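1. 3D, please:
(4 chains)
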Number of protein chains: 2
Amino acid sequence: MSPRSGLNQQTVIKAAIEIANQENLQAVTIASLAKKLNVRSPSLYNHIDSLNSVFHHMAIYGLEELYDTMISSTQDQLGDEAIHSLSKAYIYFVRQHPGLYEATFIALKQGDSNIKYAADKIVRFVLKKLESYNFTYQEGIHIVRGLRSILHGFATIEQKEGFGIDIPTDESLTYILDTFLLGLKKG
Amino acid sequence: MSPRSGLNQQTVIKAAIEIANQENLQAVTIASLAKKLNVRSPSLYNHIDSLNSVFHHMAIYGLEELYDTMISSTQDQLGDEAIHSLSKAYIYFVRQHPGLYEATFIALKQGDSNIKYAADKIVRFVLKKLESYNFTYQEGIHIVRGLRSILHGFATIEQKEGFGIDIPTDESLTYILDTFLLGLKKG
DNA sequence: TTGCTAAAACTAATACCATTAGTTATAATG
DNA sequence: CATTATAACTAATGGTATTAGTTTTAGCAA
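-> Model prediction:
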């Protein structure tokens, strides 16, 4: 107890992620963090710059985790199989870490270069997986934008429970990806 | 000036939408509304229940506007043509009313039935436009979820300027929709 | 025209929030 | 064992939403 409670930036970020995933991103406040970590609010400023910087670190951590998950889900897969794997990994990641995923997205608009870089790594990875299809560069961009739209859109609608109806969402995801991939082959 | 400034709920919501579109949804606060409307913060409570209820009304208004825009963009169109039109209408609506669109989405998770109803109207409209393809009910659901994912994903990524790269986003949208529609025909 | 009343403004106050300044206690190092 | 840097603390500032209680006024009735 009392002074020297063993805090550091990592601990604070980790606590923030827990709160975000259990509640939501809005529930991450200096006050809620302090309570969870058994210190007074101002004490946190020995480890972080601001609440905004907490979101910032969450975003980078989340994007890297998402990237790793996608990488390891595809291994040496290529083509349709790889796209299905990486998509499933993406959607499952959002389901397991909803608050962390929120953080990755909220922060994007701030235009921070570290975050852009972490996000770009994912885009480049997907582009790489598309190489086996022999698309032009421009087509590749369109396709990545399409996949990203599908995955982000699907994930967030699901997160907000906007789908309603009792048809399994996993089946829908498979159907949507198959349709998109089929269209790519025919185009 | 002073008392009786002619406020009502409509005026407040309208001011909120203006602030949201010009800045963003977070900029809509009781304080910013009061300032814009030249009254003190507590005065607003004569016209609204809470800040949350303002977001709520924004969401419903936004969904109805979006619905109307999509309806009138398709008129008596059917099939691919209709899907392209309604999609373009959706994306353009988000570009023109970014803050209002934010509100429609933030509110979804609250699970309010009025909002669910307004959102469902759009889903049913898109389902109707798909009738000419002769899909089964289950396929229809998958496809609507797909289109919704594409449109919401595309719109929000564009909004946060997450696309980078200088290839026109309109071209990407057309490409993505064509690909998806092509896949539907082959399936 | 005058007086009443409901509505809409106001001020004051409460309870939260993030953040900064300044102080105290402690853990580790010389 | 003394010093020092660090990490906790308290106190204070200025922001937020919201509630309570008060004053003002617009419009209607007599």
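2. Neighbours of A:Leu151, how many?
-> When neighbours are counted by other C-beta atoms under 10 Å in any protein chain shown, A:Leu151 registers 26. Where you see a C-beta, it was placed from the backbone N, CA and C, and this is true even at glycine.
3. To clarify, my last question referred to A:Glu64.
-> The burial count for A:Glu64: 14, using other C-beta under 10 Å.
4. quick one: the residue lying closest to it once chain neighbours are set aside from A:Leu37, how far?
-> Leaving aside its chain neighbours, A:Glu64 sits nearest to A:Ala118 (6.0 Å; criterion: C-beta to C-beta, 6 or more residues apart in numbering or on different chains). A:Ala118 sits 26 Å away from A:Leu37 when distances are taken as C-beta to C-beta, to the nearest Å.
5. still on that earlier bit, quick one: what helix or strand has the residue nearest to A:Glu64 in it?
-> Assessed by DSSP states H and E, A:Ala118 sits inside helix A:113-130.
6. Report the mean confidence score over that helix.
-> Helix A:113-130 shows a mean pLDDT of 93.
7. secondary structure class for A:Asp76?
-> coil (DSSP: H, G, I helix; E, B strand; the rest coil).
8. What pLDDT does the model give it?
-> On pLDDT, A:Asp76 comes in at 91.
9. Run a quick neighbour tally on it.
-> 5.
10. Can you report how many residues neighbour the residue of chain A found nearest DNA strand C?
-> Residue nearest to DNA strand C within chain A: A:Thr29 (2.7 Å; C-beta to the nearest atom of the strand). By other C-beta under 10 Å, the residues close to A:Thr29 number 14.
11. ok so, going back, gap between the residue nearest to A:Glu64 and A:His57?
-> 11 Å.
12. Same question for A:Asp120.
-> 18 Å.
13. Between those two, point out the one with more neighbours.
-> Shown here are A:Asp120 and A:His57; by other C-beta under 10 Å, A:His57 has more neighbours (21 against 15).
14. So for that one, what's the pLDDT?
-> Reported pLDDT for A:His57: 97.
15. If we ignore the residues flanking it in sequence, what's nearest it?
-> That would be A:Ile13: by C-beta to C-beta, 6+ apart, it lies 4.9 Å from A:His57.
16. now swap in A:Gly183 and tell me
-> Using C-beta to C-beta, 6+ apart, the closest residue to A:Gly183 is B:Gly183 (3.3 Å).
17. does the one you found really touch A:Leu182, like I thought?
-> Yes. If you go by C-beta atoms under 8 Å, B:Gly183 and A:Leu182 touch, sitting 3.8 Å apart.
18. the more surrounded of the two?
-> Set B:Gly183 next to A:Leu182 and count neighbours by other C-beta under 10 Å: B:Gly183 wins out with 23 against 19.
19. element containing the more buried one, please.
-> B:Gly183 belongs to helix B:169-186, assigned by DSSP H and E.
20. go on, A:Ser87?
-> helix A:79-96.
21. who's in contact with that helix?
-> A:21, A:65-66, A:69-70, A:72-74, A:77, A:101, A:125-126, A:129-130, A:132-133, A:147, A:150-151, A:154-156, A:158-159, A:173-174, A:177, A:181 (C-beta atoms under 8 Å, 6 or more residues apart in numbering or on different chains).
22. by how many degrees do the helix or strand following it and helix A:79-96 diverge?
-> Later in the chain than helix A:79-96, the nearest helix or strand by DSSP H and E is helix A:98-106. If you take axes from the mean of the first three to the mean of the last three C-alpha atoms, to 10 degrees, helix A:98-106 sits at 110 degrees to helix A:79-96.
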